[in-house]
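*Asks:* Predicted structure and sequence below. I'll ask about it afterward.
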Amino acid sequence: HEFQLFLRLLTSYNTLLSSRYSTTIGQQLLQIKYSSVPLTRYQKFLYLSSLVFSYIYEKFLVDYRRLLPFQFIYKSLGFINFLFFLHGGTYINLFERLARLKTVHNHPPSLRILDYSYMKRELIWHTLNETLGTLIPFLTSLKARTLMRKYLLGTIMKRLEQTNICSVCEQSIVMPHESTGDCKHYFCYLCAYSLIQQSCPICFKTINNIKPKEFFTE
């Protein structure tokens, strides 16, 4: 805790409390500053007091139960101040409100003509990615392939109805199997095994189980 307090004091002395900068490191990066620059003695006293109080609280009083009501009051005030900040955009914390420190730009913002061409390209690209991410899993699923075969590959379906052609891989059947249900089409063993609890690509009947089939080439 002492080392953290030392770093905070050293950083503050060279940034916010310095007459040369009078801004924090974050404010320098964002090109903003406090409206009252440099800080008055009262404002510097409040800032240093907040650092020392945070050290004393974290070091000695964090587990002190009698301070629980004061902790609740402090957090409630901080929450209320945060709501005011969301509404008005000033005094992000209690210290800034007590010290009357408002954040302003280093240079007044100027009007700019916005070019939305880059944004449009990004939106189109993200939309295309989301569309492909939705469609590709569907197109690679067994049901999608089945529908494509039914409506787009009608001539191939006639060939698949031959008893020596697997209805899934479209090759000569190896270790012929068929469904134990109403579907009477033939498949390779691995293809048939992959169709369990799925639909037949030709008749669209559900295949609940499979069994070997004695195969004869027509």
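*Replies:* Noted; the coordinates are in hand.

*Asks:* Would you tell me what the next helix or strand after the host helix or strand of Y13 is?
*Replies:* Using DSSP states H and E, Y13 falls within helix 2-14. Using DSSP H and E, the next helix or strand after helix 2-14 towards the C-terminus is helix 25-30.

*Asks:* Please state the mean pLDDT value computed over that next one.
*Replies:* Averaging pLDDT along helix 25-30 gives 78.

*Asks:* Can you point out the buried residues in that helix?
*Replies:* By 16 or more other CB atoms under 10 Å, the buried positions in helix 25-30 come out as Q27. (C-beta placed from N, C-alpha, C; glycine too.)

*Asks:* Alpha carbons of that helix, as CSV, please.
*Replies:* Only the C-alpha atoms of helix 25-30 are listed here, as CSV (Å, rounded to 0.1, in the frame of the first residue of the first chain):
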residue,chain,number,x,y,z
ILE,A,25,-1.6,11.0,-18.3
GLY,A,26,-5.0,9.9,-19.5
GLN,A,27,-6.0,13.5,-20.2
GLN,A,28,-2.9,14.1,-22.2
LEU,A,29,-3.6,11.0,-24.4
LEU,A,30,-7.2,12.2,-25.0
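
*Asks:* What about C191, how many residues nearby?
*Replies:* Here the count is done by other CB atoms under 10 Å, and C191 has 21 residues near it.

*Asks:* my bad, should have said M175
*Replies:* Residues lying near M175 (other CB under 10 Å) number 13.

*Asks:* list the contacts for the closest residue to it other than its chain neighbours?
*Replies:* Excluding the flanking residues, the one nearest M175 by CB to CB, 6 or more residues apart in numbering is Y189, at 3.9 Å. Going by CB atoms under 8 Å, 6 or more residues apart in numbering, Y189 touches V174, M175, P176, H177, I210.

*Asks:* List buried residues within those residues.
*Replies:* Buried among these by 16+ other CB under 10 Å: P176, H177, I210.

*Asks:* Sitting in strands, which of the residues you listed do you find?
*Replies:* Within the buried ones among the contacts of Y189, residues falling in strands by DSSP state E are H177, I210.

*Asks:* Return the member of the buried ones among the contacts of Y189 nearest to Q28.
*Replies:* The nearest member of these to Q28, counting by CB to CB, is I210 at 71.8 Å.

*Asks:* measure the closest one to F204 for me?
*Replies:* For I210, the distance to F204 equals 17 Å [CB to CB, to the nearest Å].

*Asks:* ok so, going back, mind putting the buried ones among the contacts of Y189 into JSON lines with distance to Q28?
*Replies:* Output for the buried ones among the contacts of Y189, formatted as JSON lines (distance: CB to CB, whole Å):
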{"residue": "P176", "distance to Q28": "77"}
{"residue": "H177", "distance to Q28": "74"}
{"residue": "I210", "distance to Q28": "72"}
